[in-house]
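Visitor: Quick one, structure for this:
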Amino acid sequence: GKESIMGMDCYGPMALEPTQPGLFWYGIHTAEMLFAAMGSGCVQVSAVTNEHHDLIVGVWKDGRIGTIRGNRKGNSQFGAVIHRMDSSSFIDVYAQKKPYYASLLEHIMAMFRSGKSPIVLEETLEIIRFIEAANISRSSGRTIRLSA
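Guide: Numbering: from 1, shown residues only. Below is the predicted model:
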C-alpha cells in the first residue's frame, strides 16, 4: 500500500501551453501519477527548468520525496519508479495491452454514472496547490513551502 512507499520518481511529456501555464497543461498527468502513489501531505516544492526539461521535487511532511521529470525533448512516454524499503519497482504505463486512455475513459464513465469522483476533493486541491507551487518555483527559482 501507500504506507510502504518511501518515494517515487515520475516522468512524462511536459509540453507548455500559454493558456494553462507550467504543469497545468501536460504536466498535470505526471503530477496525478505522483499523488496517486504518494498520497497527500506534500509540504515543499522546488523546480529546475530549462528549454527542454523540468525537474520538480516534492517533499512530504513525513520526509518522503517524490519527483517529476517533464520532458519537452526526447522521451515523450509516461512512467515511474516507486521506491520501497526493500526494492524499487519500474512502472511501465505501456505494459498492458489496453491503452491507458481506454482505462481512463472507463473511470470517467463510472464517475459520470455514480456522480462520485474516485479522487477525494482534498487530494485534488493539493495537486492544484502542488502545481501552483511548482509553477512559482519554475519562474522564481525558489523553494516554495505549502501550508498544510
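Visitor: gap between the residue nearest to residue 53 when sequence neighbours are not counted and residue 54?
Guide: In space, and not counting its chain neighbours, residue 53 is closest to residue 71: 5.8 Å by CB to CB, 6 or more residues apart in numbering. Every residue, glycine included, has its C-beta placed from N, CA and C. Separation of residue 71 from residue 54 (CB to CB, to the nearest Å): 8 Å.
Visitor: any common contacting residues for the two?
Guide: Counting by CB atoms under 8 Å, 6 or more residues apart in numbering, the shared contacts of residue 71 and residue 54 are residue 14.
Visitor: Looking at those two, which is more packed in?
Guide: Set residue 71 next to residue 54 and count neighbours by other CB atoms under 10 Å: residue 54 wins out with 22 against 18.
Visitor: got a list of what the closest residue to the more buried one other than its chain neighbours touches?
Guide: Of all residues not flanking residue 54 in the chain, residue 70 sits nearest, at 4.0 Å (CB to CB, 6+ apart). By CB under 8 Å, 6+ apart, the contact set of residue 70 is 11, 12, 13, 14, 23, 26, 27, 30, 53, 54, 55, 56.
Visitor: Could you tell me the per-residue confidence at the residue positioned nearest the centre of the chain?
Guide: The structure's the chain has its C-alpha centroid closest to residue 31; by CA atoms, centre = their mean the separation is 1.5 Å. Residue 31 is assigned 97 on the pLDDT scale.
Visitor: how much space is there between it and residue 90?
Guide: In terms of CB to CB, residue 31 sits 19 Å off from residue 90.
Visitor: Kind regards, and thank you for your time.
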